[in-house]
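S.K.: Predicted model and sequence follow; I will ask about them next.
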Amino acid sequence: MKLENKIAVITGGNKGIGRGIVEVFIKYGAKIIVLDYDSEVTTMNNENILAYKVDIRDTLAIENSIKDAISKFGKINILVNNAGVCELETFENMSDEILKHHVDINIGGVWNVTKVVIPYLQKESESTIVNLSSVTGPMVADPGEVAYAMTKSAVLGFTKGLAADLAHKGIRVNAIMPGYVKTPLVERMAEISNKENPKSVIDGIASAIPLKRLANPEEIGELAAFLASKESSYITGQGIVIDGGSTLPETMTMGV
């Protein structure tokens, strides 16, 4: 129960990686404040979860939801900036609207939620922030991911800068850098890549990963829980890769 008596804000917590993080945090004793754009998010509400339909581009909506959650849970110890988008498009065909969508959510949304939550984190001891970056951008990229790669690289830079700013206040800030995870987002990207046979896309991804599979959302949740707990008390400003070894191979053909 390493997160017992902790209150965590998790963005994008209704599905995918965010849902995996929520479930793992609950397992370790935390209570959760979920901010998600999905209209179904409010079905998550129970004694351990306060769920709010929020567009993280809207600072006022974030503020109102957090104030309401504070009135019920009383504090915030952990922030997990998980919400993000990825739309496949080449640089040549990238519209201003698609670019803005990535920047406003993947960068602006992380900034907005962090700005609102930090004053509450400062009131507690040993507070933590976990940002979801990616191996895409800082380390690798596939065709059509230029906007996503750019914004996820920015999240890693934000993590390091914020960690430096907040270290003297005892707030640790780290980033998780996942490879491909079995989520509705990745499944949708597979359908865009190959409408006739999206499964072949997922199988192709898995075949190129040394562990021969995509991650499960709960595996990302376990790393998030570690970074949010005392177990990682001397780690800050880091990007932790969790990719099944996908960034490990130098080539796909060389070797014995």
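M.R.: All right, it came through fine.
S.K.: When you work out contacts or count neighbours from here on, use the C-alpha atoms and nothing else.
M.R.: Fine.
S.K.: Outline the domain layout of the protein.
M.R.: 7-179+217-242, 181-214 (automatic domain parsing).
S.K.: got the contact list for the residue nearest the centre of the chain?
M.R.: Among the residues of the chain, the one closest to the centroid is Asn82, at 2.5 Å (CA atoms, centre = their mean). Neighbouring residues of Asn82 by CA atoms under 8 Å, 6 or more residues apart in numbering: 10-13, 17-18, 131-132.
S.K.: could you say what helices and strands the helix or strand hosting Ile118 packs with?
M.R.: Secondary structure assigned from DSSP states H and E places Ile118 in helix 110-121. Helices and strands in packing contact with helix 110-121 are listed as helix 59-73, strand 78-81; criterion 3 or more CA pairs under 8 Å, 6 or more residues apart in numbering; DSSP states H and E.
S.K.: With respect to burial, which of the ones you listed scores highest?
M.R.: Highest mean neighbour count among the helices and strands packed on helix 110-121 (mean count of other CA atoms under 10 Å): strand 78-81, with a mean of 28.
S.K.: where do the helices sit along the stretch 151-256 of the chain?
M.R.: The residue ranges that make up the helices of the stretch 151-256 of the chain, judged by DSSP state H, counting those that start in this stretch, are 184-193, 198-207, 217-228.
S.K.: phi, psi of Glu92?
M.R.: As for Glu92, its main-chain torsions (degrees, to the nearest 10) stand at phi -60, psi -30.
S.K.: For it, give its distance to Val146.
M.R.: Per CA to CA, to the nearest Å, Glu92 is found 10 Å from Val146.
S.K.: Give the residue from these two that has the larger number of neighbours.
M.R.: Each of Glu92 and Val146 has its neighbours counted (other CA atoms under 10 Å); Val146 has more, 21 against 7.
S.K.: quick one: contacts for that one?
M.R.: By CA under 8 Å, 6+ apart, the contact list for Val146 reads 89-91, 137.
S.K.: hmm, try it at 7 Å
M.R.: The neighbourhood of Val146, defined by CA atoms under 7 Å, 6 or more residues apart in numbering, consists of Phe91.
S.K.: tell me the phi and psi of it?
M.R.: Backbone torsions of Val146, given as degrees, to the nearest 10, read phi -60, psi -40.
S.K.: ranking the domains of the chain by burial, who's on top?
M.R.: The densest packing among the domains of the chain, expressed as mean neighbour count by mean count of other CA under 10 Å, is seen in domain 7-179+217-242 with a mean of 20.
S.K.: mind listing what the closest residue in space to Lys6 that isn't next to it in sequence touches?
M.R.: For Lys6, the nearest residue in space outside its immediate sequence neighbours is Ala30; the separation is 4.9 Å by CA to CA, 6 or more residues apart in numbering. The neighbours of Ala30, taking CA under 7 Å, 6+ apart as the test, are 3-8.
S.K.: Reformat those into a markdown table and put distance to Ser229 next to each item.
M.R.: As requested, these are exported to a markdown table (distance: CA to CA, whole Å):
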| residue | distance to Ser229 |
| --- | --- |
| Leu3 | 6 |
| Glu4 | 10 |
| Asn5 | 12 |
| Lys6 | 9 |
| Ile7 | 12 |
| Ala8 | 11 |
